[in-house]
Structures are given as C-alpha cells and as structure tokens.
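K.L.:
quick check, what structure comes out for this input:
(chains A, B, C, D, E and F)
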There are 6 protein chains.
Amino acid sequence: MAMMALYPGTFDPITNGHLDIIHRSLSIFDRVLVAVAVNVRKEPLFGTEERMDLIRAAVGPEPRLEVDAFQGLLVDYVRRRGARVVVRGLRAIADFEYEFQLAHMNRRLAPGVDTIFLPTTQENFYVSSSLVKEIASFGGDVSGVVPVAVNHALRARFPPATLPTP
Amino acid sequence: MAMMALYPGTFDPITNGHLDIIHRSLSIFDRVLVAVAVNVRKEPLFGTEERMDLIRAAVGPEPRLEVDAFQGLLVDYVRRRGARVVVRGLRAIADFEYEFQLAHMNRRLAPGVDTIFLPTTQENFYVSSSLVKEIASFGGDVSGVVPVAVNHALRARFPPATLPTP
Amino acid sequence: MAMMALYPGTFDPITNGHLDIIHRSLSIFDRVLVAVAVNVRKEPLFGTEERMDLIRAAVGPEPRLEVDAFQGLLVDYVRRRGARVVVRGLRAIADFEYEFQLAHMNRRLAPGVDTIFLPTTQENFYVSSSLVKEIASFGGDVSGVVPVAVNHALRARFPPATLPTP
Amino acid sequence: MAMMALYPGTFDPITNGHLDIIHRSLSIFDRVLVAVAVNVRKEPLFGTEERMDLIRAAVGPEPRLEVDAFQGLLVDYVRRRGARVVVRGLRAIADFEYEFQLAHMNRRLAPGVDTIFLPTTQENFYVSSSLVKEIASFGGDVSGVVPVAVNHALRARFPPATLPTP
Amino acid sequence: MAMMALYPGTFDPITNGHLDIIHRSLSIFDRVLVAVAVNVRKEPLFGTEERMDLIRAAVGPEPRLEVDAFQGLLVDYVRRRGARVVVRGLRAIADFEYEFQLAHMNRRLAPGVDTIFLPTTQENFYVSSSLVKEIASFGGDVSGVVPVAVNHALRARFPPATLPTP
Amino acid sequence: MAMMALYPGTFDPITNGHLDIIHRSLSIFDRVLVAVAVNVRKEPLFGTEERMDLIRAAVGPEPRLEVDAFQGLLVDYVRRRGARVVVRGLRAIADFEYEFQLAHMNRRLAPGVDTIFLPTTQENFYVSSSLVKEIASFGGDVSGVVPVAVNHALRARFPPATLPTP
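P.N.:
Here you go, the predicted structure:
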C-alpha cells in the first residue's frame, strides 16, 4: 500500500516555492498528486491546462508524480482520489491563519484526511504567484524565483512593448 | 438603568460562532441588540430581512434580545440607540488587527462608547461566514457549524443540482 | 443583582494602562474587583500590600471599586467571590496569544465564567510594568506612563545614586 | 553627496500617519521624494494630481521635499531617480507581512536599494487611508487624523446631503 | 523500506494535544519514534524515565511506536536513528515563529531531514504542558486535557494538602 | 554635518544577521556606532571586551565604524553620543512586538531620536545569537551563520570533548 500525498493549489503559475514543496513531498511520500484548483469565479492568468503543463515542465520526468485538476470541494476530490494526506506549504503569518482555518474545516468535513504543513525554504519565503505576476506585468525580472518554463510563459504574456511609457 | 450591549456585524449568515457570542453577551448584559450592517457597496448572499430572520430563528424567543439593521457609521447608530458597549467576537490574529483598528477609530469618534471583545469558543475558532458560504456553494455539509435554520437556507440557495459534474 | 467584574493581574506596579482598564470597567459594570495575584514563585518589586495601596491611590475614592489579593487558581477565586466576568486588557499580539490560552483554559475549568477583553488605549499600547521597572531602574523618567503615587514609589526604590557611573 | 530617501505609496489621501513619516524622513535624510503610485487597475478616490497637491499642502513649503508620481515597477523608478533608500511606515502585523515581502522582492530586483521601516507613532497606529475614506463616506468626522486640506477635500467629496436617511 | 517519523519534545508531561499528534503521525507513517529531550539545564517536573512511561501508558500497546530519549543536538540524533522526517505540532503564532526558526536551522544542519507540521486539533489548541502543570500545582482539574495516567501522576505530585490556605 | 546611526544590541555573539545590518547601515549613514549593551543582571557567554573584539574582527577595517559599550538607559547613551538615529534589525513577529514597544518608549523618553528598522536578509531570517549558542554548545556546526572569528570563539568555548556521551 503506497502512501499518496495530495498537494492542491491554484498554481497560477507555479513558483520555485511550490516546486520545492513538490520535491520535498516526493522525498517523504511514495506518490504525489498535484491538484490544480479550477475556480470558476476567479479569472486566472493561465488556463487550467497551461498551469498543469507548466507544473509538469518544472518537475520534469517523474513517474511518482501526477498532475490533475479539480473543481468543487477539496475534501470531495481528496476522498474520490483515495488520498489520506493533504500537503500545504507555509510561508508566513498570513498563510498560517488561512491555512489553519482550511485545515480544521476540512478535518471536520473529512475526519480521515490529515493536512500537513511543510515550511517554505528561506529563499522562497517571500515568493508568491500574485507578486510574481505583478512584477512580470511591469516588465520586472522574475527569472530567479520561477522555473524556466514559467519565466518564458510570463514573458510571452507580458512583452516589453506593453509597458506604459511614463 | 439596564445596560445594553450592541453586537454589530454582517451576519451573512449567522454562524454558531456568532450565536455563542450572542448567548454570552446575554449572560453578561441586561439587553443585547444585534445590529445587521447594511452595506450598499457589498452584495450579500442573504438580504437584510432574511439575515435578521435567521438571527431570530437561531436564538429563539428571548425578550432581552433585539435584532435591528443599520446603515452608515456604526458610532452614529450606537449613539442613536443609546448603547454604551459594543461587543465583538475575536477569533484569530487577522481579526485582532482589524478589530483593534475599528475599536480605536470608534473610540476617537465616540469617546463614551467602549468596545469589548469576547474570545470565540474553540469549536468555532475557525468558522467564518465566508468559509461557510464557500463550502455550502460546493455542496459541502456545514450543518455542524451553523444554526439549523441557516443550514436550510443555505441548502435552498445551493441545491445539489447546481454542483458541477467533473 | 449588581454585575461585578473581576480584574486580575500582578500590578507590579499599576500603570496608566491598567488604570484606564479599571476606569472603563467601572463605566460598564456595577462593581469592579481588582485582584492582585500573589505568586509565591516570583519575586515582585513591590509587596502585595504595597501593590494594593498603589492601586487604591491611583484610582482615588470610588465606592464601587474593591482591591483584594488572591493566591492559587484564578477560577477558584472568581467563584469564591461570586464574580461572573473576568476583565483583561489587550495590548499586542504577544498578549493576545497568552490571554486566549488562559481564557479558554479558565472557561474549561469554570464554564459559567466569561473573560472579556478591553483594548488598551493607544497612548498606553506600549506600556508594560516590566518595561516601566527596567527604565526606572536606570533612572529613566516614567512619570508620563504611571500614576503619580507609582512614580514616587519607583523613585524611592531606584534613587539616582544607585545609577552606575560608566 | 546628499542622501535622498524615496517614500512611495498610494496616498489616497495622505493621512497624519503618512505626514509623520514624511517629517521624520526629513529629519534623517537630506532630501525626501514622496512618490505617488499610479495604479491603472485600481480606481482611486482622488486623482494623481490631487493626491500630489494634498501632500504638498499638508507638508507646506519645504525645499528638501519633492512630490512626484510613478507608474510601473517601484525599483525601476527608484533607480531612475538615483535613490538609495526606500522608506516605509510600519503600523501593524498585517503591514509587516506585506511590507517584508515587498522589501525582500525589491532587494532581489535591485540589490543596491535598501528599504527601511519607520514605526508609525502611536496616535496614528490605527489610521489608514481606506478607513478614513469609509468613515468620511458616512459623514463621520476624520478631522483629527488627516491634514486640514484633506479634511476639506473629503467633505467636498462626501457632502452631508449624500448620507442615506435610514 | 518503511518510512519512520521522529516526534521530539520535552513531554513534561504528555498532554492530549501531544497524543493527538502521535495518533495522526501513526496514521501517516509506518513507524513513529517519540523522542524525549533530556535538557541538563532545565529542571523538569517528571524525570526522563517517567516521561517516557507516561507516553507509553497514554498510547497503549502499539508495535509501530517507539519511545526513546536523547541528549544533545536533535539533528545528530535524527541522523543516528536514520529518520527522514521530524514531526512537530503547531498550535499558535508563538509556536509558529520558534518552530520555523528551528526547522530552518535544522535544515541547514541536516539538509536531508524534513520537518513537517501537523496542526493541533481545536480541542487542544490552548493546551500546553506548562499551563497544565501550573493549574495542577494549584489543585485545578486538568483531567479533560491530559491522559488518565498523567492526571494521576500530577495528583501524586500536587496533593490537595499542598494548597495554600488563603 | 555627518549623520551617525547607533546600532545597539547584546551581540553575544555577533551573527551574520547582525553583520548584514551593520553593512547596510554603513551604506546609508555616514558613520555607524555599534553599541554593546552591558547588562549587569544577565550573564553573557562572552565578556563585553570580547564581544566588541568579535564585532571589529567581523567587520574588518572600516574608519566609519565605531564599536563601543554602554550601561544604563539606551536613550541616555544615544543623547550622550549625539546620535539621531537608532538602527534595529527586524526578523520576525516576536521581534516586531518587542522592538515596537522599545521604539515607542524611547521616543517618549527622547522625542528627537528616531528608531529605524532594517529587515534582516532572508538567509539570516532564522539566525539568532541564542540559537547559535545552543547549537554550538551541543557541538553543532554554525560556521554558515556566524563570522569566522565567532566560529573560532564558539569552538574554543565548546570543545568537542565537553559533549555528553549518551
């Protein structure tokens, strides 16, 4: 019986912080399922398929990793997939509050599912997808905090010509 | 001279956490006035009247409780109603910051009005109206964290048929 | 039946922050009982009697205020005195964590007793007894953050002559 | 070589908290450049020019102060202006998290630029532009927490007649 | 290859919060090693052997659990035992800061060892060994927050006769 | 008129985090005075002179840096030295609270003196003198987080032979 961990998120796009959590999950669990949340009420920068492709490109060939997408309640998807453990990265205080709220509510909804937290490495402590998108939208260089494929995808979305001339 | 406490909020909808604060306020003060904030800029899930009805249904018959709605500045309403004490529930760090900001600003605007905080009970520490609505919108079971009438109202709003089929 | 609030603390010595909480408690509750904790394991700067006298001197004549001392478990004392409400001042995040821990544990030990929090006024937000003692011990001027009687008592304890000559 | 500090922000509108940070920056650095952020995605209450004028009116004549506006990435603007130090006010925990995230990301993008934090004075600890606007929009009195010119501008925007009659 | 998780702590004494973390670790990992820290500079209430016995008594027969003691640097012990994962419970903000500091320093000292955090269940969110000892020392009832064997051990240490008579 | 910044602390011993704050202070201010606090009530690991020597060894030759020691109230020393700015490093939430308390109290005691905060770089975010001493006392390798001279001094204090044999 191989233990599978499920790592859910928006991944819009995947950052080096997410990538680190994936690698550490792979070193702890037999299999890791990265689950891209499809939120019909939010407009992501990258589509569901593109977000999944960027995750696969960042990790590279890894038979123990699966990338999937889900809609609706996380705990329903967790049970449908037969996962026992949900993995979340922890960066800072703001994360902490929201993540605890989610973990406790999910525990109430699905008592058999445990949430574990992995502390983000220091180099990625202040990296977030939204900050990355904001900087890239102004033409800033985010190559140091995102995987190569994501850097290319962001440049394609925000070409230098779109920069406002003050 | 009976001391009245005013418990303001959006209550969209009332949760077991709010209900606990109401019961504890009733055990401390002679009268409790629950005041539903009408915010013309935000679109609530439940209308003002329905939110007030759900509060009354959750508390049940209680002559020392009044449920009302208000618009505009809280301190103006507090003074108009002759209240001396504003009650707020405290859950977590995020609450703490915002609540302190409001309490201090209200104190500046109405020096004679005091804000007191009641710590939310542990069972309700991670319950919020917005999380309840999000879970219910995906068909999740929130019966353990909201009053019965609210559970019915949420099910009426989010019938199982509206769930996306993956 | 008059509602009495119990305000426990070490008060070693009382500061303007404590005094503000006492005045606001008096404006909300019929009677206020300030209870000085006698901790046999900690060595206070001022003795129990002196701490009680400094509180009385700071508040002045007030028939609705009682100053007492207690040993042992707070909830035992609260029940012995027939109080229903414990008042605590809230200053900052560090307070918040510890105070919540105490409030929840006390609620477990004495379900009928409620803890309420009053936010410290801005001028006293950064005042603590221990900081006051540290500054006074170096000859610093703390007259702006403690009652007059406390300022005199601190000067008597830390006369200028005791200052180290560098 | 005169050291210039750059104080960026939305300043929609400037509050007494901002003004205090400006005055203290002027007492530490030779020159201070207040930089109003132009965010094309957010709709401010006051236009860029009006926000700049309100800052100038609040500070009064001061040859060592410059007020400017910028678009795009902060670090690009900082380098274009030849500044070495970015000044930010720190109020509360919520600020702290976001400000640290920004400071570290900016440091990554522009290693030669340092961010320094000045703690907001206690009187302004709970003052924010958004709270000021919310209170003013309901006809509340914010004269104690904003400069005189801002108070007039807010009254012009939110005349008493626009108040809803409950 | 069975994955072993190591759960270090002082456990002076074990509480229901610790017990919950042990049970959840057993449901995620093949084997769990509870490691009692021997700190020669701190005087614990219970000796090392007694703390180990209380843990074993609380968990009951479980072939996949080992209880051990260690001295010196945690990461040295982790490597000596061949563990890959260190488990820690997370309760509140104060924990969070210190735990992150330790996790990152341990990661620096032993790059192959990961620290994972499990959120404490709500019922145990405010339970700590030190608070339990303080309450028990005053004769308070802690039976609801510690295992039965610990409750007995605490009563043996703090018999009712030792209570001060006020 | 050259602006001098004063950087006070215990520095028992100086870490790479302190060193980074010194270098950044030197890049902002004309002169930097590192002031080692002599606390007669605490027993440091290194004596005052040794702590000062370790700071000088870590920074190396720098005519704009002065290392001194002080006793008593910080603001008294600041005024005696004619400094206008006190520099403090900010690491985490726990720091934040205490540092703000000190900054505000110092501002009250010496209105003309400003405290500025520099955010610690990410690599040093979790480094503290006390954690460094704890790890070194168990024979752990702290060479990556302290200057070379400090590493040698710690090894001299905690030779491998002093390690307990389990």
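K.L.:
please name the nearest non-neighbouring residue to A:Y77.
P.N.:
Leaving out its chain neighbours, the residue that sits closest to A:Y77 by CB to CB, 6 or more residues apart in numbering or on different chains is A:F70, at 4.1 Å. All C-beta atoms are positioned from the backbone trio N, CA, C, and that covers glycine.
K.L.:
what about the helices in chain A?
P.N.:
Taking DSSP state H as the test, the helices found in chain A are A:16-28, A:48-59, A:74-81, A:93-109, A:129-137, A:148-157.
K.L.:
list the buried residues of the first one.
P.N.:
Put plainly, it is helix A:16-28. By neighbour count on 16 or more other CB atoms under 10 Å in any protein chain shown, the buried set for helix A:16-28 is A:N16, A:G17, A:H18, A:L19, A:D20, A:I21, A:I22, A:R24, A:S25, A:L26, A:I28.
K.L.:
got the contact list for the fifth one?
P.N.:
For A:D20, the contacting residues are A:G89, A:T120, A:T121, A:N124, taking CB atoms under 8 Å, 6 or more residues apart in numbering or on different chains as the criterion.
K.L.:
can you pull the contacts of the nearest residue to the last one once chain neighbours are set aside?
P.N.:
In this structure, A:N124 finds its nearest non-sequential neighbour in A:G17, 3.5 Å apart by CB to CB, 6+ apart. By CB under 8 Å, 6+ apart, the residues touching A:G17 are A:G89, A:R91, A:T120, A:T121, A:N124, A:F125, A:V127, A:S128, A:V145.
K.L.:
residues near the residue lying closest to A:S137 once chain neighbours are set aside, how many?
P.N.:
Leaving aside its sequence neighbours, A:S137 sits nearest to A:F158 (CB to CB, 6+ apart; 5.2 Å). A:F158: 18 surrounding residues under other CB atoms under 10 Å in any protein chain shown.
K.L.:
residue contacts, A:F158?
P.N.:
Contacts of A:F158 by CB under 8 Å, 6+ apart are A:A136, A:S137, A:G139.
K.L.:
which residue packs closest to the residue in chain A positioned nearest to chain E, ignoring adjacent ones?
P.N.:
At 4.0 Å from chain E, A:F117 is the closest residue in chain A, using CB to the nearest CB. In this structure, A:F117 finds its nearest non-sequential neighbour in E:F117, 4.0 Å apart by CB to CB, 6+ apart.
K.L.:
what is that neighbour paired to in the beta sheet?
P.N.:
E:F117 forms beta bridges with A:F117, E:R88, as assigned by DSSP bridges.
K.L.:
hang on, isn't it packed against A:P119?
P.N.:
Yes. Between E:F117 and A:P119 there is a contact under CB atoms under 8 Å: 7.1 Å.
K.L.:
what's the overlap in contacts for these two?
P.N.:
Here E:F117 and A:P119 have A:L90, E:A103 as joint contacts, going by CB under 8 Å, 6+ apart.
K.L.:
take the helices of chain A and write them to JSON lines, including mean pLDDT.
P.N.:
Output for the helices of chain A, formatted as JSON lines (pLDDT from 0 to 100):
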{"stretch": "helix A:16-28", "mean pLDDT": "95"}
{"stretch": "helix A:48-59", "mean pLDDT": "98"}
{"stretch": "helix A:74-81", "mean pLDDT": "93"}
{"stretch": "helix A:93-109", "mean pLDDT": "76"}
{"stretch": "helix A:129-137", "mean pLDDT": "91"}
{"stretch": "helix A:148-157", "mean pLDDT": "97"}
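K.L.:
and these as TSV, adding distance to F:V59?
P.N.:
Output for those, formatted as TSV (distance: least, CB to CB, whole Å):
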stretch	distance to F:V59
helix A:16-28	33
helix A:48-59	41
helix A:74-81	51
helix A:93-109	33
helix A:129-137	33
helix A:148-157	37
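K.L.:
which one of those lies closest to E:R107?
P.N.:
Of all these, helix A:16-28 sits nearest to E:R107, with 9.9 Å by CB to CB.
K.L.:
in chain A, what residue comes closest to chain F?
P.N.:
With CB to the nearest CB, the shortest gap between chain A and chain F falls at A:Q122, namely 4.9 Å.
K.L.:
now do the nearest residue to that residue once chain neighbours are set aside against A:V148, distance only.
P.N.:
The shortest distance from A:Q122 to any non-neighbouring residue, by CB to CB, 6+ apart, is to F:Q122 (4.9 Å). F:Q122 sits 22 Å away from A:V148, going by CB to CB, to the nearest Å.
K.L.:
any residues of chain A in contact with chain E? List them.
P.N.:
Contacts of chain A with chain E, taken as CB under 8 Å from any CB of the partner chain, map to A:3, A:24, A:27-28, A:84-85, A:90, A:93, A:96, A:100, A:103-104, A:107, A:114-119, A:121-122.
K.L.:
let's see that with 6 Å instead.
P.N.:
In this structure, chain A approaches chain E at residues A:24, A:28, A:85, A:96, A:100, A:103-104, A:114, A:116-119, A:122, judged by CB under 6 Å from any CB of the partner chain.
K.L.:
which residues sit in contact with the nearest residue to A:A35 once chain neighbours are set aside?
P.N.:
Counting by CB to CB, 6+ apart, A:A35 lies nearest to A:P8, which is 4.4 Å off, once chain neighbours are set aside. A:P8 is in contact with A:A35, A:A37, A:L74, counting by CB atoms under 6 Å, 6 or more residues apart in numbering or on different chains.
K.L.:
that older thread, return the member of the buried residues of helix A:16-28 nearest to chain C.
P.N.:
A:G17 (25.1 Å).
K.L.:
for A:R24, see how far away the closest one is.
P.N.:
Distance of A:G17 to A:R24, given as CB to CB: 11 Å.
K.L.:
so the spatially closest residue to A:L26 that is not a sequence neighbour bridges to which residues?
P.N.:
With sequence-adjacent residues excluded and distances taken as CB to CB, 6+ apart, A:L26 is closest to A:V32, at 5.3 Å. Here A:V32 sits in beta bridges with A:A5, A:L65, going by DSSP bridges.
K.L.:
again, but for the one 5 residues further on
P.N.:
Beta bridges link A:A37 to A:F70 when assigned by DSSP bridges.
K.L.:
do you know the pLDDT at it?
P.N.:
pLDDT for A:A37: 95.
K.L.:
out of the contacts of A:G17, which sit inside strands?
P.N.:
Under the assignment DSSP state E, these contribute A:G89 to strands.
K.L.:
residues of chain A that sit close to chain B?
P.N.:
Going by CB under 6 Å from any CB, the residues of chain A near chain B are A:Q71, A:G72, A:L73, A:E97, A:Q101, A:H104, A:M105, A:L109.
K.L.:
I'd say the fifth one and B:Y126 touch.
P.N.:
Yes. The pair formed by A:Q101 and B:Y126 meets the contact definition of CB atoms under 6 Å, at 4.4 Å.
K.L.:
who has more neighbours out of these two?
P.N.:
Neighbours per residue, other CB under 10 Å: of A:Q101 and B:Y126, the larger number sits with B:Y126, 25 against 18.
K.L.:
surely that one touches A:H104?
P.N.:
Yes. Between B:Y126 and A:H104 there is a contact under CB under 6 Å: 4.1 Å.
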